[in-house]
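Chemist: Got a predicted model here, sequence first, then my questions.
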Amino acid sequence: MTAWRYKAVASRGDVRAGYLEAPSAAEARALLRREGLRLLDLRSAGALRNTPRASNEHRNAWLWIGRAWTSLRHSADAYSRSRRAAARADLYDALSTMLDAGLPLAEALATLGDPGGDARPRPIQRLARELQEKVSEGAPLHEAMGDRPAWFGLSEVAITEAGQRRGELSASLRVLGERQARSSQLASKLAGVLAYPALISLVGLVVVVFLSLGPLPRLVEVLTDSGVQPPTLTTGVIAVGSTLAVWWPLLVAASAFAVFAPFAAARAVAASGRAWPMMLRRLVPSALRAGSVARICGELAAMGRCGVPLVEALRASAATCAGPISASLGRELKQAAKSIEGGGTLAEALDDPLWFSPELTRLVASAEAAGELDAMLDRIATREERRAHRMIDRLAALAEPTVILVLSAIIGVVVMAAALPLVRLRDVLG
């Protein structure tokens, strides 16, 4: 028997949370549906011993292990979804186009999953076939999507469910395709900017290692045999290259630890429910903050247009914030949902100035008063995306000359380290 932690909406609109025991996720969802609850989130809390003698400490230990494993699995699912944004955009666009053309959903999925066609990658074809099997068995599309968290986030499932309820599935899928395409463009652009200096630095280090293990030691040996002291610069480059050649696994491990340890610590703090220290929060790059806010505002606008209640939309968007940086944003969104349940407004709930600027909250307050919240959130998402693109462009404009200067300095040092022994050797021979 497995314990499941759930959040669901009752028929009166109130949100319930708790634990239940079921042998599988499907059984847990069926139990909640029989109770008249509409599921928002379902997570495994670990395997429990179904014996009356199990102590509370033992039960809590299993729950703690289950939560730790679930947190790790959700982080892996979030990473997989971020890598598959472009693929999902293509899937949504294709499905919405075929539905607009009058094809039934099951037939549209079967067409996308046809192994005889080479138009789409095999993972997409396999995913379409799995969805088609579920839909043919009578399951709604959003439920089939919810069973694949490595592909679909809760906000996408909520938008799909709302579209099916309203009879506007094609429009909902089109909205999802547009959102995924825009988010994948921003992520690809940032990855390209960061990959360029990393590649150039790697090439420079490889050149240093190659020269320090081959030509430079031979020149130093000739000078030593001739009784001439090798240049200090040459011996220093050889020492650096030899050290890198021997200790590169340790260097790679130390670099990976330096990069991932702060992210893991930040993720653990956010997952515990505590706020980040202000010093760490200010270190988050503005481009990443703008991109995250743009994504969340776009998701809220899309879910609002599809008829998803604001509280449910906030919780679904918060569940997609699983990264070490966006996890604190997810915490703010969960608190905002609680505030709105208590009678507050969205503008009042978005009270974190590092994520939500005073200008943004004023725009949200004005849109709430005018009854145009969805349109304003969409405009804010577009504006924040443009802002993130401008920041990335500035970063790229600074990174390119900086990398060129650094690489020129490395090449200059290496050339001098090779030329100085030749000059001294010429003096000896002369």
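Modeler: Done, it's in.
Chemist: Now do the helices in the stretch 151-300 of the chain.
Modeler: Assigned by DSSP state H, counting those that start in this stretch, the helices in the stretch 151-300 of the chain fall at 154-166, 169-213, 215-225, 232-271, 278-282, 286-305.
Chemist: Output the ones you listed as JSON lines; include the columns distance to Leu329, mean pLDDT and mean neighbour count.
Modeler: (Glycine included, C-beta is placed from N, CA and C.) Listed next are the helices of the stretch 151-300 of the chain as JSON lines, based on distance: least, Cβ to Cβ, whole Å; pLDDT from 0 to 100; neighbours: other Cβ atoms under 10 Å:
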{"stretch": "helix 154-166", "distance to Leu329": "13", "mean pLDDT": "78", "mean neighbour count": "23"}
{"stretch": "helix 169-213", "distance to Leu329": "15", "mean pLDDT": "75", "mean neighbour count": "17"}
{"stretch": "helix 215-225", "distance to Leu329": "51", "mean pLDDT": "79", "mean neighbour count": "16"}
{"stretch": "helix 232-271", "distance to Leu329": "9", "mean pLDDT": "75", "mean neighbour count": "14"}
{"stretch": "helix 278-282", "distance to Leu329": "10", "mean pLDDT": "61", "mean neighbour count": "11"}
{"stretch": "helix 286-305", "distance to Leu329": "5", "mean pLDDT": "80", "mean neighbour count": "23"}
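Chemist: Including distance to Ser80, could those go into TSV?
Modeler: Listed next are those as TSV, based on distance: least, Cβ to Cβ, whole Å:
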stretch	distance to Ser80
helix 154-166	13
helix 169-213	13
helix 215-225	45
helix 232-271	16
helix 278-282	26
helix 286-305	16
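Chemist: Among the ones you listed, which comes closest to Tyr92?
Modeler: Judged by Cβ to Cβ, the one of these that comes nearest to Tyr92 is helix 169-213, at 3.5 Å.
Chemist: tell me what the closest one is packed against?
Modeler: Counting contacts by 3 or more Cβ pairs under 8 Å, 6 or more residues apart in numbering; DSSP states H and E, helix 169-213 is packed against helix 85-100, helix 154-166, helix 232-271, helix 286-305, helix 373-429.
Chemist: Tell me what angle the longest one forms with helix 286-305.
Modeler: Here the directions of helix 373-429 and helix 286-305 differ by 150 degrees (axes from the mean of the first three to the mean of the last three Cα atoms, to 10 degrees).
Chemist: same check, this time on the shortest one
Modeler: Interaxial angle, helix 154-166 versus helix 286-305 (the same axes, to 10 degrees): 20 degrees.
Chemist: could I get helix 154-166 in PDB with only the CA atoms?
Modeler: This file holds the C-alpha atoms of helix 154-166, laid out as PDB (Å, rounded to 0.1, in the frame of the first residue of the first chain):
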ATOM      1  CA  LEU A 154       0.000  20.800 -14.100                       C
ATOM      2  CA  SER A 155      -0.800  24.100 -15.800                       C
ATOM      3  CA  GLU A 156      -1.000  22.300 -19.200                       C
ATOM      4  CA  VAL A 157      -3.200  19.600 -17.800                       C
ATOM      5  CA  ALA A 158      -5.500  22.300 -16.200                       C
ATOM      6  CA  ILE A 159      -5.800  24.200 -19.500                       C
ATOM      7  CA  THR A 160      -6.600  21.000 -21.400                       C
ATOM      8  CA  GLU A 161      -9.200  20.000 -18.900                       C
ATOM      9  CA  ALA A 162     -10.900  23.400 -19.000                       C
ATOM     10  CA  GLY A 163     -10.900  23.300 -22.800                       C
ATOM     11  CA  GLN A 164     -12.500  19.900 -22.800                       C
ATOM     12  CA  ARG A 165     -15.200  21.100 -20.300                       C
ATOM     13  CA  ARG A 166     -16.000  24.100 -22.400                       C
END
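Chemist: what does that helix contact?
Modeler: 40-41, 88, 140-142, 145-146, 169-173, 175-176, 299, 302-303, 306-308, 312-313, 315-317, 319-320 (Cβ atoms under 8 Å, 6 or more residues apart in numbering).
Chemist: mind checking which of the helices and strands packed on helix 169-213 is nearest Asp352?
Modeler: Nearest of those (Cβ to Cβ): helix 286-305, 10.6 Å.
Chemist: Quick check: what element follows that closest one along the chain?
Modeler: Counting by DSSP states H and E, the element after helix 286-305 in chain order, helix or strand, is helix 310-319.
Chemist: got the buried residues for that next one?
Modeler: Buried residues in helix 310-319, defined by neighbour count with 16 or more other Cβ atoms under 10 Å: Leu310, Val311, Glu312, Ala313, Leu314, Arg315, Ala316, Ser317, Ala318, Ala319.
Chemist: right, and the helix or strand after that helix?
Modeler: Following helix 310-319 toward the C-terminus (DSSP H and E): helix 326-341.
Chemist: Could I get the buried residue list for that next one?
Modeler: 326-337, 339-340.
Chemist: where does the stretch 1-150 of the chain dip in pLDDT?
Modeler: Scanning the stretch 1-150 of the chain for pLDDT under 70 picks out the ranges 1-2, 9-15, 23-24, 26, 30, 34, 36, 44-79, 116-120.
Chemist: Now do the strands in it.
Modeler: For the stretch 1-150 of the chain, applying DSSP state E, counting those that start in this stretch gives strands covering 2-9, 15-22, 38-47.
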